[in-house]
Structure formats: structure tokens, C-alpha cells
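A.B. asks: Next come a sequence and a model predicted from it.
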Amino acid sequence: MGLLTAACAAYASLAVWVWLTLAQGMFWRTDVRLPPRTAPARWPSVAIVVPARDEAGVLPRSLPSLLAQDYPGEAEVILVDDGSTDGTADLARRLAAEQPGLPLTVASPGDPAPGWTGKLWALRHGMAIARTAPAPDYLLLTDADIAHEPDSLRELVAAATSAGLDLVSQMARLRVVSPWERLVVPAFVYFFAQLYPFRWVNRPGARTAAAAGGCVLLRTEAAVRAGVPDSIRQAVIDDVSLARAVQSSGGRIWLGLAERVDSVRPYPALADLWRMVSRSAYAQLRHQPLLLAGTVAGLVLVYLVPPAALLGGLAAGRPAVAWAGGLAWLLMAGTYLPMLRHYRQPVLLAPLLPFTALLYLLMTVDSAVQHYRGRGAAWKGRTYARPSDA
């Protein structure tokens, strides 16, 4: 019975990988970049809103890149200090004084109102400042740890105006320096693309909605129509919630990989990456135990069964099981290669994806455990309740 179960699991895993490779929106391809674009006849005005909480360590690399944007139209930067204790606001003012460029406004809205996450409360305050007459045509919502090349804003706006998009989001290239970053970070983007295939997101009339919160260009009219950020004020995973709100209100959205937008936040140790993933993993599952159980079972079937079937089949003299596991593992590693190339990482990391998936499984379970201990969705000194309890 045990051998029959192992064989069924191996064949099922192989079938899933054939389906993922051919029918899941070609999620593994990394060629979804900004759509074709031309310069508009009139460059629209833009307000860049940056929520920041205890970001003094990364601000010297990110804020100057925003102030130095080479943008032909009117633009300004609004940094919203979300209760920082490390001098983030004062540092931002000093950086702006040292480098001429776009005008900078630094604001402090105070503690979030009940039912709001800190980031969305900060965004609400920054967007309110931006909307004072005359309101800008677009809002660029970008995190304090994101650095932009000088033409980043120009290219984003050109893409939005050329394609008639209400939301344009780019998945910033995350930092990959330490050994743990090399092992975990490319897989993070790979898993995200598998869950939200970019090609599905970008189809007109699509039902799949997602965005990357580090870099979101949003048409102001679309934000008003969708009622954001008020309509998503409790969202811990705010980027996906934002995309869904814009899409459900009739807006067109686009998501792809960035070439000239980079995250400068370091995650040197496994513990740093663990906190980054576990703080929102259970929220992604809507705090539902059944979804957690299904996710764990799915991760085991899709990522852990193939190497176990290959090695177990060889050990037990079951060549069919070994072949099924080996082919599934080969498809897994093959679909991971484009993401490794995107991050300029060695191909030898591809066969290690099952181990990385095991880490993500443990992070997800830990996220649920921390939630039920009252420490779920904790970030920078704040813990957020599930939306129904907020």
C-alpha cells in the first residue's frame, strides 16, 4: 500500500508540473517588462509618495534616486514618516538639502487610526497632501528601500499613457548578496509569479490581480474611483489588495519585472528573510486553517515529492517512480532557471529549489503559529489583527 501511495504521489506531482509548465500563464518566463511606449504630447504631473518607518539605514541610497528623477513634467516627492524612532524624517530633510532635485515634503501623520495598517495610514496621509489643488495626474507609490534609475518615472509614465493603464507596477530587483539571499530571494519572486502569473494579470478583462508594492504608478482618477487606500485600510498584503480594488472598479492594471528599479534592503541572515516572509504568509491565506492545510499539502506534493520519489524509487528498485520523480524535479529546476538568470545566480541553485520550498513551508506554518499566539503580521514594532478583529 505504501509503494502504491508513493507511486501515485510521484505521478500526481509530475502531472502538476506538466500543467504548471504549460498552462499556468508561462509564469516561469522573465520577459514581462514594461510594455511598448512613446513619450506623451504632454507629460502629466506626478506626486511620489514614500511611506517610511525607521528607514535611516536605507534612505541615503533610495531617496536621492527619487529626488534625481529626470522627468519632463511636474513632479514632487512626499515622504511620510510613520512614527520612526531613528531620525528618518530629519535625515530625509538633510538629504534633500544636500542634493538639488525634485521638491521634497516630509510629513508625520501620527499613529494609525484603529483598523489601519501603518503603511496604508501613511499612504493615505501622503495621498491627501498630493491631492491638494491642483491634484497630480498620477501617484507613484514606492517604498523607502527602493532605488530608481534617473529615467524610472519617465518610463513608467510613458508606459501608462501609451497603453491606457490605470496601474503600472514593477517587481523591483531584490538584493541578492549573502548566501541566504541567493538561496531564498529568487525563489520568492518565482513563487509570487507562480501564484500571480504576470501574463494573466496583464490581460484585458483579467480576473487575476496583483501588484508589487515597492513600485506602483497609479492614476489619481483610478485611485479615487477605487476608494483607495480607505477601501483596503486593513490589508496587510496591501499591493495585491490595491490591484484588486483598482481592477474591480474598472481600471486596467499591469505587472512585470523591473530592470531599473532595485531594492536596497539587506537580508543578510536567514532570520531576516524568515521574518520578511512569515509576517504576512498567513494573511495571504486569509487566516484560514483549511487554506493553510491545503497550502502545506500542495507544497509537499509539488516541491518535496519529486526528489523523494527519485531517491526513494532508486532505493526501492521502482524505476517508474524514480523516473516520474526525476522528470518532475527536472521540470521544476528548468522553470526556475530563467529567474536565476534574471538575478545572475549560478544554475547550480536550481536543483536546490525543493529545499528552499521546504523553508517557505516552515515559514508559512510559523506565520500561522505566531498569529494564534497574538504576534501575527508583526513588523517594526507593530502587530496587526486579522481584518475581522480589527
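C.D. replies: Received, thanks.

A.B. asks: tell me the secondary structure for the closest residue to residue 183 other than its chain neighbours?
C.D. replies: Distance criterion CB to CB, 6 or more residues apart in numbering; nearest residue to residue 183, sequence neighbours excluded, is residue 356 at 5.8 Å. From N, CA and C alone the C-beta is placed, and that goes for glycine too. Per DSSP: H, G, I helix; E, B strand; the rest coil, the local secondary structure of residue 356 is helix.

A.B. asks: which residues touch residue 356?
C.D. replies: Counting by CB atoms under 8 Å, 6 or more residues apart in numbering, residue 356 makes contact with 183, 184, 187.

A.B. asks: so residue 171 sits in a strand?
C.D. replies: Yes - counting by three-state DSSP, one finds residue 171 located in a strand.

A.B. asks: Please look at it and residue 190 and confirm they touch.
C.D. replies: No - if you go by CB atoms under 8 Å, residue 171 and residue 190 don't touch, sitting 11.0 Å apart.

A.B. asks: how close does residue 140 sit to residue 74?
C.D. replies: Distance, residue 140 to residue 74, by CB to CB, to the nearest Å: 13 Å.

A.B. asks: got any residues that touch both of those two?
C.D. replies: residue 46.

A.B. asks: Tell me how many other residues crowd residue 111.
C.D. replies: Neighbours of residue 111 under the rule other CB atoms under 10 Å: 11.

A.B. asks: what helix or strand is it on?
C.D. replies: Residue 111 belongs to no helix or strand when assigned by DSSP states H and E.

A.B. asks: May I have the phi/psi pair for it?
C.D. replies: phi -60, psi 150 (degrees, to the nearest 10).

A.B. asks: got the contact list for it?
C.D. replies: Taking CB under 8 Å, 6+ apart, one finds residue 83 in contact with residue 111.

A.B. asks: Surely residue 204 touches residue 253?
C.D. replies: No - look at residue 204 against residue 253 with CB under 8 Å: they stay out of range, at 10.2 Å.

A.B. asks: okay, these two: which has more neighbours?
C.D. replies: residue 253 (24 against 6).

A.B. asks: Once you drop chain neighbours, what's closest to the more buried one?
C.D. replies: residue 167 (4.3 Å).

A.B. asks: Return the residues in contact with the one you found.
C.D. replies: Counted by CB under 8 Å, 6+ apart, residue 167 has contacts 211, 216-219, 222, 242-243, 246, 251-254.

A.B. asks: Turn the residues you listed into CSV, including secondary structure, pLDDT and distance to residue 228.
C.D. replies: As requested, the contacts of residue 167 are exported to CSV (DSSP: H, G, I helix; E, B strand; the rest coil; pLDDT from 0 to 100; distance: CB to CB, whole Å):
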residue, secondary structure, pLDDT, distance to residue 228
211, coil, 98, 11
216, strand, 98, 10
217, strand, 98, 14
218, strand, 98, 8
219, strand, 98, 11
222, helix, 98, 9
242, helix, 97, 6
243, helix, 98, 10
246, helix, 98, 7
251, coil, 97, 10
252, coil, 97, 15
253, strand, 98, 12
254, strand, 98, 17
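
A.B. asks: Specify which member of those is nearest to residue 156.
C.D. replies: residue 217 (4.4 Å; CB to CB).

A.B. asks: who's the closest one bridged to?
C.D. replies: Taking DSSP bridges, one finds residue 140, residue 168 as the beta-bridge partners of residue 217.

A.B. asks: Spit out the contact partners of it.
C.D. replies: So residue 217 contacts 46, 138, 139, 140, 141, 156, 157, 160, 167, 168, 169 (CB under 8 Å, 6+ apart).

A.B. asks: Now do the same for the first one: its pLDDT.
C.D. replies: Read that as residue 46. With respect to pLDDT, residue 46 scores 98.

A.B. asks: Check the third one too.
C.D. replies: pLDDT for residue 139: 98.

A.B. asks: which residues of the stretch 251-390 of the chain fall in helices?
C.D. replies: In the stretch 251-390 of the chain, the segments counted as helices under DSSP state H, counting those that start in this stretch are 270-284, 289-299, 305-316, 319-342, 353-372.

A.B. asks: Mean pLDDT added to these, as a markdown table?
C.D. replies: Below are these laid out as a markdown table (pLDDT from 0 to 100):
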| stretch | mean pLDDT |
| --- | --- |
| helix 270-284 | 93 |
| helix 289-299 | 97 |
| helix 305-316 | 96 |
| helix 319-342 | 97 |
| helix 353-372 | 96 |
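
A.B. asks: Not counting sequence-adjacent ones, nearest residue to residue 71?
C.D. replies: Of all residues not flanking residue 71 in the chain, residue 153 sits nearest, at 4.9 Å (CB to CB, 6+ apart).

A.B. asks: Looks like that neighbour contacts residue 74 (just checking).
C.D. replies: No - using CB under 8 Å, residue 153 is not in contact with residue 74, being 11.5 Å away.

A.B. asks: Put together a markdown table for the contacts of residue 217, with distance to residue 279 on each row.
C.D. replies: Output for the contacts of residue 217, formatted as a markdown table (distance: CB to CB, whole Å):
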| residue | distance to residue 279 |
| --- | --- |
| 46 | 30 |
| 138 | 29 |
| 139 | 25 |
| 140 | 25 |
| 141 | 20 |
| 156 | 28 |
| 157 | 32 |
| 160 | 30 |
| 167 | 24 |
| 168 | 26 |
| 169 | 21 |
